[in-house]
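Q: please find the sequence and the predicted model below.
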Amino acid sequence: MSDLEDELAGWMRAAQAGDAVAYRRLLTALADMLRRWVRRELSRQGYEIAEAEDIVQETLLAIHLKRGSWDADRAILPWLRAVTRHKLIDNLRRRGRRIMVPVDDLLETLAAPEPEQTLSTEALDRHLATLPPGQSQVVRAISIDGLSPAETAKRLTLSEGAVRVALHRGLAALAAAARRSET
Amino acid sequence: MKTDDLIGSLVADQDRPPTSSRRTFAFALPLALLVAYGVFRTFLEMRPDFGDALMTWRYDFKILVAASVAAFGTLLLFHMARPQTAPRTALKWILLALVPLGLGLLLEMVMLPMDQWPASAMGFNPVYCLTMVPLMAVGPLGAALLALRHGAPQSPTVAGAIAGFAAGGIGALLYAVHCDNDSPFYVAIWYLGAIGIVTAVGAVLGRLCLRW
């Protein structure tokens, strides 16, 4: 078993036992890996890589929402690969029509990444706007403003439990909105 | 939204362990069986010769066929809930689940004179069987689909079909307590037909509600 496998599986196990630091470490490492992988796949298949970050974000959401489908006594890398593949196929199917570009020389100009710029996307913000106001307020406060659930509860005069429920539903709704969208 | 911001919200959402398909099914199935029992009590009754029937190979085979579909279907359900599982592996499992039926059919072909085949295949109330098995499978199908919602199946349609197959097996097992058409011929046509109906319904529902 590889070091990467042990490290990722270890973080996920710790995360499922409630270790937030391990979970952040895991997701950050995965974001980097996914970014590299998605960009490579997209350019290899002749697609524009500018929207790779959208796919990275959607895949992270899927990994989070579906983490219950990983058996802690099985290897995590095959599971991660399967989730990533599913989301990439899902995305290409949805986007294929619009961003299909010829492979030839255009590829080289596109393949030069713009890391700083592409680490942020508008797609999720657009989907966020379609959520019920309560959910989008909570998701926005915690993600974009970086508040804790407790601080969010204070700001929106809600109970912390209500904030957590709204956050969970909001993230699930965000994933569903992304899935339904055309771009 | 920055990817780091998104990660921040995912970390904030990680406060309780995620629910697995297995756990969900374990909680939902008893409820589903209660609903199925309610259907049974409303429309059906236990066959009066239940004890004697248990002594005959045909009846035991019928129970075995339904139990095999229910058991393999449920195991396959958990297998399909994992994203690593290729949808085509389902076929192998389904064939395995139908082995008892195949054996029963062979045995019946040997035991029963050919001129009696049509009558035993038609039985007394095939339409009833086609109605009641799916009706008792409704609850289990709901439980199975709910369990799959917590999974990550590669193909929502195939996963939904497997949910229907498992639920159909459970429905058939319960119906067998009432039904007194025991020939494997009857079982192969009408029980399997009823399970097929639930499988098709499951595929459609899976396509609608299991995408992720």
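A: Alright, I've got the coordinates. Numbering: from 1, shown residues only, chains lettered A, B, ... in the order given.
Q: so what's the residue count around A:E41?
A: 17 (other C-beta atoms under 10 Å in any protein chain shown). For every residue, glycine as well, the C-beta is placed using N, CA and C.
Q: kindly report the same for B:F25.
A: As a burial measure, B:F25 scores 24 neighbours (other C-beta under 10 Å).
Q: got it, and B:R211?
A: For B:R211, the neighbour count with other C-beta under 10 Å is 14.
Q: go on, B:L135?
A: Other residues lying near B:L135 total 19 when counted by other C-beta under 10 Å.
Q: quick one: the helices in chain B?
A: In chain B, the helices defined using DSSP state H lie at B:3-13, B:21-43, B:50-53, B:57-80, B:89-97, B:99-111, B:117-122, B:126-149, B:156-176, B:184-186, B:192-209.
Q: who touches A:P149 in this structure?
A: Residues in contact with A:P149 (C-beta atoms under 8 Å, 6 or more residues apart in numbering or on different chains) are A:142, A:160, A:163-164, A:167, B:12.
Q: which of those fall within helices?
A: A:142, A:160, A:163-164, A:167, B:12.
Q: got a ChimeraX select line for the buried ones in those residues?
A: With 16 or more other C-beta atoms under 10 Å in any protein chain shown as the criterion, this ChimeraX line picks the buried residues out of the ones in helices among the contacts of A:P149:
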select /A:142,163,164,167 /B:12
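Q: out of the ones in helices among the contacts of A:P149, who's nearest A:L27?
A: Proximity of the ones in helices among the contacts of A:P149 to A:L27 (C-beta to C-beta) peaks at B:A12, which lies at 11.5 Å.
Q: check contacts around the closest one.
A: Residues in contact with B:A12, defined by C-beta under 8 Å, 6+ apart, are A:142, A:148-149, A:167.
Q: and for A:A123, nearest residue in space, chain neighbours not counted?
A: Excluding its sequence neighbours, the residue lying closest to A:A123 (C-beta to C-beta, 6 or more residues apart in numbering or on different chains) is A:D54, at 4.3 Å.
Q: farthest-apart pair in the contacts of B:A12, please.
A: For the contacts of B:A12, the farthest-apart pair by C-beta to C-beta is A:S148 and A:L167; their separation is 10.9 Å.
Q: please enumerate the shared neighbours of the two.
A: Common contacts of A:S148 and A:L167 (C-beta under 8 Å, 6+ apart): A:142, B:12.
Q: quick one: residues contacting B:L141.
A: Taking C-beta under 8 Å, 6+ apart, we find B:L141 in contact with B:163-164, B:167, B:198, B:201-202, B:205.
Q: hmm, try it at 10 Å
A: The contact partners of B:L141, by C-beta atoms under 10 Å, 6 or more residues apart in numbering or on different chains, come to B:32, B:134, B:160, B:163-168, B:170-171, B:198-199, B:201-202, B:205.
Q: what does B:A143 give?
A: Here B:A143 is in contact with B:24-33, B:35, B:77, B:163, B:166-167, B:170 (criterion: C-beta under 10 Å, 6+ apart).
Q: how about A:R179?
A: Going by C-beta under 10 Å, 6+ apart, A:R179 touches A:58, A:61-62, A:87, A:90-91, A:94, A:127, B:211-212.
Q: one more time with 7 Å, if that's ok
A: Under the criterion of C-beta atoms under 7 Å, 6 or more residues apart in numbering or on different chains, the neighbours of A:R179 are B:R211.
Q: how about A:L171?
A: A:61, A:65, A:139, B:9, B:13.
Q: up against chain B, what does chain A have?
A: Within reach of chain B by C-beta under 7 Å from any C-beta of the partner chain, chain A has these residues: A:15-16, A:20, A:23-24, A:27-28, A:31, A:53, A:56-57, A:60, A:62, A:64, A:66-69, A:78-79, A:82-83, A:86, A:119-121, A:124-125, A:139, A:142-144, A:146, A:148-149, A:164, A:167-168, A:171, A:179.
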